[in-house]
Structures are given as C-alpha cells and as structure tokens.
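1. From the sequence below, what's the structure:
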Amino acid sequence: MRKRIAFIMVIVCVLLMAGCGASNSTEDSAGADNQIKITFVENDEQADTEENISTDGVADYPAAIMVNDTIYLLEGDPMPAEVDESAIIGYTESYTGTFPENNGETNFNPELGMPYAQVEGGIAVLYKNEWYLGTPFSNENTITFTGIIIDHTVESLVPVICVKTLDEEVIPYEAVFFELPEGEEDWALKIGEVVLITCSGGFTEPAPHYGTLISIKDADTDVLSPLDGVTMEVTECSDISVTVRITNDTDKDIECGSDFCLKMQDEETGEWRELDVAIDNAAFTSEAYMIQKDSPYEKVIDFEWLYGKLKPGRYRIVKTVMDFRGTGDYTDYTYTEEFCVEEEM
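-> Numbering: from 1, shown residues only. Next comes the predicted model:
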C-alpha cells in the first residue's frame, strides 16, 4: 500500500515539474528532485528507494526466507562484501505470497534456485547478482490478537479486510485493516468470523490504521473469551434446538438479543462454514435481554425454523453480547460455543 501512495505522490510531483517555466532551470529542478526524495522517505519509511529486494517483495510483507525452521528478513541494500561459495548451504525451492512457512521458501522472487549461505549475522541470499543479508525474525516484533471481520473492500485489485479488535489491551484501535495476500482471499467473504491474527507491531497513522498481516486463522473461541467475566456455554442440544447459558460475573450492563447463527465444521478440512438458511429474508425480533450479575441468562434456541433439522456433526452457535454503557455508547462482542449432534441409535 505504501508503494502505491509513494507512486501517486511521485506522479503528482512530476506533473508539477512539467508545469514550471523553463526560466526556473537549475535551482528549481534541484528543488523538485529533493521533493521527490522526501516524499518517498515519508511514505515508505526508508531512505533508499531504488529498485532492490525490499521493493520486490509481496505487498505489505517484508522480503523473507525460511531456513532451518527460522524466518529471516532481508535487508534492503546489498551486502558490501562477497560471499564465498563454500558458505552456500542450499537453494530456494518454493515461493509464497505470504510469510514463508517451508524451508527454502521465499516471498520476493518466484524464480527458484537462488543460492543462500550461512554468514555472520544470519543468512545471505544471492538475488540479481547481489548478496542480501537476512537477519532472524523475532516474535517480539509481532502482535497476536482476536478480532471480528466486519467488512471488506478491494484496493488496486487486492482484497482488504476490516477487523474489529476484541483485545483492547493489545490493539489501541477499534478497527484495523489488512491486505490479504495470495491464497488468503477467501477471508474477505467471511464477514462475522472471529479470527486470530498475527501482525507486525506497527500501524499506519492517522486512521484508517493499516497493519502488516503475518497470519490469520479461526480463533479458538473455546479458550478465548472476548470479555473477561462474561461467558457462554451450551447446556443442552439436539438436532432442532440448543440451550445456551450466558453468565455475567461483572458489574457491567450486559445485554443480548434473539439473533444467532450456526456454523458446521467440515470433517475433511476442519474449516468452519456458516450454514445455509432454509428460508429467504429471515429476520430476528429486536428485543434485548438484560444479563445481570448473579442472574444468568438461559434460553432454549429453536433453530429448526431457520436451518431445518441438523444432520450429525460438529456445530457452533454464534451470538452477539453487548456491553451497554449508554445511548450510542456500547461494544458488541461475538461469542461462539461448540456442540455436537449425534447419530440416532
């Protein structure tokens, strides 16, 4: 994304230069050159903007290689010294559109067979006849948090998701944005999905806040509770209904509505997908149920009218719980709990 911004800014600068009179020769030309360089530094956060390994990586992913189960991030400038052939320990074997997950895999050059060598400080990779140093990637520079995909769009043919953050202590923003790399585009279609995201520690300022996505997967909502002191559990279930119990052990004003959805786990892939509804234009009533401290909310939810009878399998019920602080001041949390429908004997 930063590359696109920098490119647009450079085009604007070039057009401005073209409109200047010929009388503003040497001095004006030098000033325009300085403006272009400053624009690149401010938007790309790097002083060096020549075409090199840092500009050939996947959008919003730093150039990287995995060797011996360790990810190495490649520096933008070539190494000043040559690497002896005796130090070569392997050749690149695969390419990915995200962070490398296999040894010998890179994300900046689909051409395979690039030699890499063990050197002081990390791994050196021979790319376009230049050696580039890669240093070990540290998890200390990453953030992992739980969120809900609430929207998606497309920017320059790249899908982008908007994620509402559920871990307020980890992410200081209400929502953040991520470009989806090749192979992860399907996440744009999973609106309402609770996800576990690992990303870089920095976000763009001011809003909208874009981050660098490292990985995204279904959140283990059996373990992660989006709001401390508020829990949901399934107490009974069948192929036509499920009984949920929501407990509030806080002093917060907690509410929930009648809305819900069901998801089923694919036995082969393990992925969760929302069930197709049996009727069109289905709608829920708009009442709100208060969940007071020491007074749990327990409800038998009949889903046969919406989904029909469920076949045997593993399911999740998803409900929205609200932390209500006042008119227009509230936070929605998504709760998910699993249950199984067994075959009839």
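
2. where in the chain is pLDDT low?
-> Counting by pLDDT under 70, the chain shows low-confidence ranges at 1-61, 138-141, 220-226, 345.

3. for it, what spans make up the helices?
-> Assigned helices in the chain, in chain order: 2-18, 26-44, 304-307 (criterion: DSSP state H).

4. Can you point out the buried residues in the shortest one?
-> Of all the residues in helix 304-307, those buried under the rule 16 or more other CB atoms under 10 Å are Leu306, Tyr307. For every residue, glycine as well, the C-beta is placed using N, CA and C.

5. hey, C-alpha coordinates of it in PDB?
-> Output of helix 304-307 as PDB, limited to C-alpha atoms (Å, rounded to 0.1, in the frame of the first residue of the first chain):
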ATOM      1  CA  GLU A 304     -35.400 -25.600  13.100                       C
ATOM      2  CA  TRP A 305     -37.400 -22.700  11.600                       C
ATOM      3  CA  LEU A 306     -34.200 -21.200  10.200                       C
ATOM      4  CA  TYR A 307     -31.900 -24.200   9.300                       C
END
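
6. What lies in contact with that helix?
-> Helix 304-307 is contacted by residues Ile240, Ser241, Leu262, Leu275, Asp276, Val277, Ala278, Ile279, Ala282 when judged by CB atoms under 8 Å, 6 or more residues apart in numbering.

7. And for the first one, the neighbour number?
-> Here the number of neighbours of Ile240 (other CB atoms under 10 Å) works out to 14.

8. Enumerate every residue touching it.
-> Asp302, Phe303, Glu304, Lys309, Leu310.

9. same thing but at 7 Å, please
-> Applying CB atoms under 7 Å, 6 or more residues apart in numbering, we find Ile240 in contact with Asp302, Phe303, Glu304, Lys309.

10. Which of those fall in strands?
-> Counted as lying in strands by DSSP state E, out of those, are Asp302.

11. Please identify, among the contacts of Ile240, the one with the most neighbours.
-> Taking other CB under 10 Å as the neighbour criterion, Phe303 ranks highest of those with 22 neighbours.

12. got a list of what Met79 touches?
-> Listed by CB under 7 Å, 6+ apart, the contact set of Met79 reads Ala124, Trp131, Tyr132, Leu133.
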